[in-house]
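In: return atomic coordinates for the entry below.
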Amino acid sequence: MTDVILRPFRPEDAPWLVERHQTLYARDEGFDESFGPLVAEILQGFIADHDPGREAGWIAEAEGQRLGSIFCVDAGDRVAKLRLFLLVPEARGLGLGKRLLSTCMDYARATGYREMVLWTHESHRAACALYAAAGWVLEESKPVHSFGVDLVEQSWRIVL
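Out: Okay, here's the model as predicted:
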């Protein structure tokens, strides 16, 4: 995969992001149809309300094909929240996840955040390994039933 660019998220990316999240999480994790609407709600809120001086989203793209996303949003009290980190299967294992994560964290630092937090699931082993390698700390892990399946929910944090 050549010439992958990271460009700013645009509202017209939202339907693709919702569809990819719904399809990939259903296929790979067994998530039910409640997951797509949650992603849509997050994106609608970002589009309607985000502060462009303190929040951003990026789309990884190559040859006009979207490959992934990551968002940095304000969680209050100089804490940023990482959201909607996604790589399509064909883009995994190429270092693009690390590049997206670094871009998001660098933006948070440059914007004046002192910490970042994120929420994920234990089953996302590659992403969790990436977080740990970047210095994130697992703060909480608990079993939950979400999106129609039993999961282990995780909360991670990093001081920037």
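
In: drop to CA atoms for contacts and neighbour counts, all remaining ones
Out: Noted.

In: so H145 sits against E153, correct?
Out: No: if you go by Cα atoms under 8 Å, H145 and E153 don't touch, sitting 9.2 Å apart.

In: what about these two, which has more around it?
Out: E153 (17 against 10; other Cα atoms under 10 Å).

In: and the more buried one, what's its pLDDT?
Out: pLDDT, the model's per-residue confidence, is 93 for E153.

In: just checking, it touches L118?
Out: No: E153 lies out of contact with L118 (Cα under 8 Å); the separation is 10.7 Å.

In: mind listing the shared neighbours of the two?
Out: Listed contacts common to E153 and L118 are nil; contacts here mean Cα atoms under 8 Å, 6 or more residues apart in numbering.

In: so which strand or helix has G53?
Out: Secondary structure from DSSP states H and E places G53 outside every helix and strand.

In: ok, it - contacts?
Out: T111.

In: can you check T111 too?
Out: 53-54.

In: go again with 7 Å.
Out: T111 is in contact with R54, counting by Cα atoms under 7 Å, 6 or more residues apart in numbering.
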